[in-house]
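K.L.:
next come a sequence and a model predicted from it.
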There are 2 protein chains.
Amino acid sequence: MTTPTPRAPQRTTWQRERVREALADARGFVSAQTLHATLREDNTGIGLATVYRALAGLAATGEADSLQSPEGENLYRACASPGHHHHLICRSCGLAVEIEASQVEVWARRTAEQHGFSDAQHIVDIFGLCATCARARSRA
Amino acid sequence: MTTPTPRAPQRTTWQRERVREALADARGFVSAQTLHATLREDNTGIGLATVYRALAGLAATGEADSLQSPEGENLYRACASPGHHHHLICRSCGLAVEIEASQVEVWARRTAEQHGFSDAQHIVDIFGLCATCARARSRA
DNA sequence: CAAAAGTTGAGAACGATTATCAGTAGCGAT
DNA sequence: ATCGCTACTGATAATCGTTCTCAACTTTTG
């Protein structure tokens, strides 16, 4: 139960730009593995480790959001709104909707205080099936 | 991005009882690895795989709650209240407080519906420093 | 242009979890 | 009490995501 400290990149490389682009092109949250596969299809010789490093860097600078899927994978997404927000994620296709949750923010802060907890941060995400995937699945 | 289906145990074994006890003795959330190490200290020859299976079983029957630590480990805890609830966890010592959040339940369900998502489940946990750990840390 | 240092990529290493499979032990029936 | 059917166990191998290693390679600076 320790919290690691990430590092931000210092030089500009085409690899990192490609990762940034690919992440922006993705509809929702994607895993490093998936992103790597996508980049490979465009016959770039980009390495898996580099994708991991690039994503960690983007997350460190706040250019991307990251979260853990229920299966334990780390998922990333280029985020539109810079502020604090949460996500509604399709567990089938990864589509993500950014959601505001001011009432949840208040609730989280208040709950932590009431129990004597300080330095509180919360993990609030909703996983479900988006309309498109639900339709596709019922057809199967 | 697939969702596995767990199974519930059918027979009573001393191994599962030991896991249940050890889990109950733990103050807060613990990992399978930690629990296994603890059980080994009491010179039981219990296997790691069995601990994993027992914890999965307890979680399947609702006797234990599980969540992912920010580091990606699966943590378990013997829960007092049987119903659906969330936790306020100390990121230093693992102490967990069970919290009710009916308003969050409603919010999650409503938000999912509004965006056309079905079969929604939410992940809501608050991590912070408990009073004891905060005090200990400020002294350092 | 050349040296200095951050980056890259292939593959090894790692840690948590799951699968394999022969041997063991619940538990209902006898 | 014992028998048999199977679920369960445990040592180990296998998986899977992620990080590390390190030589080769750029980018930046002088």
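P.N.:
Here it is on my side, so go on.

K.L.:
what's the per-residue pLDDT of A:Arg7 here?
P.N.:
Predicted confidence (pLDDT) at A:Arg7: the value is 62.

K.L.:
same deal with the one 4 residues further on?
P.N.:
The model reports A:Arg11 with a pLDDT of 92.

K.L.:
that one: helix or strand, and which one exactly?
P.N.:
Following DSSP states H and E, there is no helix or strand that holds A:Arg11.

K.L.:
and it, how far from chain B?
P.N.:
29 Å (CB to the nearest CB, to the nearest Å). The way it works is simple: take the backbone N, C-alpha and C, and place the C-beta from them, glycine included.

K.L.:
ok, A:Arg53 next?
P.N.:
Taking CB to the nearest CB, one finds A:Arg53 at 18 Å from chain B.

K.L.:
and that residue, what element?
P.N.:
According to DSSP H and E, A:Arg53 maps onto helix A:48-60.

K.L.:
now whichever helix or strand comes after that helix - C-alpha only, PDB.
P.N.:
Proceeding N to C from helix A:48-60, the next assigned helix or strand is strand A:64-68, under DSSP H and E. Extracted in PDB, the C-alpha atoms of strand A:64-68 (Å, rounded to 0.1, in the frame of the first residue of the first chain):
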ATOM      1  CA  ALA A  64      -4.500  11.900 -19.800                       C
ATOM      2  CA  ASP A  65      -6.700  10.300 -17.200                       C
ATOM      3  CA  SER A  66      -6.100   6.800 -16.000                       C
ATOM      4  CA  LEU A  67      -8.100   4.200 -14.100                       C
ATOM      5  CA  GLN A  68      -8.100   0.600 -13.300                       C
END
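
K.L.:
what about strand A:64-68, average pLDDT?
P.N.:
According to the model, strand A:64-68 has a mean pLDDT of 92.

K.L.:
ditto for stretch A:19-35
P.N.:
94.

K.L.:
go through it and flag the buried ones.
P.N.:
Within stretch A:19-35, the residues scored as buried using 16 or more other CB atoms under 10 Å in any protein chain shown are A:Val19, A:Arg20, A:Ala22, A:Leu23, A:Ala26, A:Gly28, A:Phe29, A:Val30, A:Ser31, A:Ala32, A:Thr34, A:Leu35.

K.L.:
now swap in stretch A:101-110 and tell me
P.N.:
Under 16+ other CB under 10 Å, the buried positions of stretch A:101-110 are A:Ala101, A:Val104, A:Trp107, A:Ala108.

K.L.:
which residues sit against that stretch?
P.N.:
A:84-86, A:120, A:122, A:124, B:101, B:103-104, B:107, B:111, B:124, B:126 (CB atoms under 8 Å, 6 or more residues apart in numbering or on different chains).

K.L.:
tell me the least confident of the buried residues of stretch A:101-110?
P.N.:
Minimum pLDDT across the buried residues of stretch A:101-110 is recorded for A:Ala101, with 86.

K.L.:
how about the residues of chain A by DNA strand D?
P.N.:
Applying CB under 7 Å from any atom of the strand, one finds that chain A approaches DNA strand D through A:11-14, A:31-33, A:48-49, A:52, A:56, A:72-74.
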